[in-house]
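Engineer: Kindly return the folded structure for what I paste below:
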Amino acid sequence: MRPRKFFYEKRHYFGNSVLVEWANDRLELQVTSPCIPYLQTADDFTKPTEDVWSRFEAEVQLIDHRNLIGDYSLCDGFEVFCHITFRKRLVKFAALNPSSNEFEK
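Structural biologist: Take a look at the predicted model:
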């Protein structure tokens, strides 16, 4: 089952940022520096199979994203924005310097 929405962005304040987004019926990937914006359409993409999506959805269901613990005292770390919606499961969070094992999953 493909997601209805897939948006994942990880911004490093003094490094590269990564955007993974479901667009144009494919999963698009972009990497950029802080001063260069993302492109309208990504050059790098993949089209996961239904089996890959099913396994990914099962893994997402195991994550307890409410337990993300961030370190707000750091000013030069990274920030994560995530919004993934499948038919029955929604994962949506924004975290500053997440340090939980849940984030590593």
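
Engineer: so which strand or helix has residue 56?
Structural biologist: If you go by DSSP states H and E, residue 56 is part of helix 50-62.

Engineer: how far does that helix sit from the chain's center?
Structural biologist: 14 Å (Cα atoms, centre = their mean, to the nearest Å).

Engineer: after that helix, next one along is what?
Structural biologist: strand 78-85.

Engineer: what comes up buried for that next one?
Structural biologist: Judged by neighbour count (16 or more other Cβ atoms under 10 Å), strand 78-85 contains these buried residues: 78, 79, 80, 82, 83, 84. Yep, even glycine has a C-beta here, placed from its N, CA and C like the rest.

Engineer: Show me the shaky parts of the chain.
Structural biologist: Applying pLDDT under 70 to the chain flags residues 65-76, 99-105.

Engineer: One more pass at 90, please.
Structural biologist: 1-4, 10-17, 23-26, 31-44, 54, 56-105 (pLDDT under 90).
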